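# can't give you the sequence, but here's the structure:
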């Protein structure tokens, strides 16, 4: 492995090295193997480590297991962590539950959060879209070009950066 070659050449992998390798793993099992080795080497996983592992999960249950471990180790989830979890939700209700938890923890949703939630709205559910856009508008989230294109393409509705319908 890359880690073995580094050690063989006298290099000492650090947290950034391990986090980079976790990002490149193919699945949750491989990511956890790298995490285990990281801990065995005496390095402390951080928010980036766990957010990267969450990306490797297959569903919300697995993502929550990783989140629980992260919190148990005294780390505070950040916006990237929650955005990664929202991607793993199966539907809008689950995405809203994660979003509510994110906000309760004092974190600010952003355009990436909005995009992830919009992906969970069925294409024919314009009412949910309006509710979500109003919710994010009240939080002063600005749409980026990706959100604007996503709404236009998926729902055939035009919005501006301030989430107003055109």
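Arrived safely, thanks for sending. Remember, predicted model here, so these are calculated numbers, not experimental data.
# From here on, just use CA atoms for contacts and neighbour counts.
Will do.
# quick one: the lowest-mean-pLDDT helix or strand in the chain to chain centroid distance?
Least confident helix or strand, the chain: helix 2-8 with a mean of 91, by mean pLDDT, DSSP states H and E. Its chain's C-alpha centre and that of helix 2-8 lie 30 Å apart, by CA atoms, centre = their mean, to the nearest Å.
# What's the mean pLDDT across stretch 141-160?
Averaging pLDDT along stretch 141-160 gives 96.
# Name the residues that touch that stretch?
For stretch 141-160, the external contacting residues (CA atoms under 8 Å, 6 or more residues apart in numbering) are 109-111, 114-115, 118, 123-124, 126, 161-163, 165-166.
# Tell me which residues of it come out buried.
Buried residues in stretch 141-160, counted by 16 or more other CA atoms under 10 Å: 141, 142, 143, 144, 147, 148, 149, 150, 151, 155, 159.
# Centroid-nearest residue for the chain?
Closest to where the C-alpha atoms of the chain average out (CA atoms, centre = their mean) is residue 84, at 1.2 Å.
# Which is the succeeding secondary structure element to the host helix or strand of that one?
Per DSSP states H and E, residue 84 falls inside helix 79-87. The element immediately downstream of helix 79-87 (helix or strand, assigned by DSSP H and E) is helix 92-104.
# ok now that next one, how far from the chain's centre?
That offset, for helix 92-104, works out to 12 Å (CA atoms, centre = their mean).
# Apart from its chain neighbours, what residue comes closest to residue 28?
Of all residues not flanking residue 28 in the chain, residue 56 sits nearest, at 4.8 Å (CA to CA, 6 or more residues apart in numbering).
# ok now do that neighbour, which residues does it touch?
Contacts for residue 56 (CA under 8 Å, 6+ apart) come out as 26, 27, 28, 31.
# Next: residue 109.
By CA under 8 Å, 6+ apart, the residues touching residue 109 are 79, 99, 102, 103, 136, 139, 141.
# For residue 115, see how far away it is.
10 Å (CA to CA, to the nearest Å).
# Verify the contact between residue 136 and residue 114 for me.
Yes - with contact defined as CA atoms under 8 Å, residue 136 counts as touching residue 114 (7.2 Å).
# Kindly point out which residues are neighbours of both of those two.
Common neighbours of residue 136 and residue 114 (CA under 8 Å, 6+ apart) do not exist.
# do you know how far the residue nearest to the centre of the chain is from residue 102?
Per CA to CA, residue 84 is found 12 Å from residue 102.
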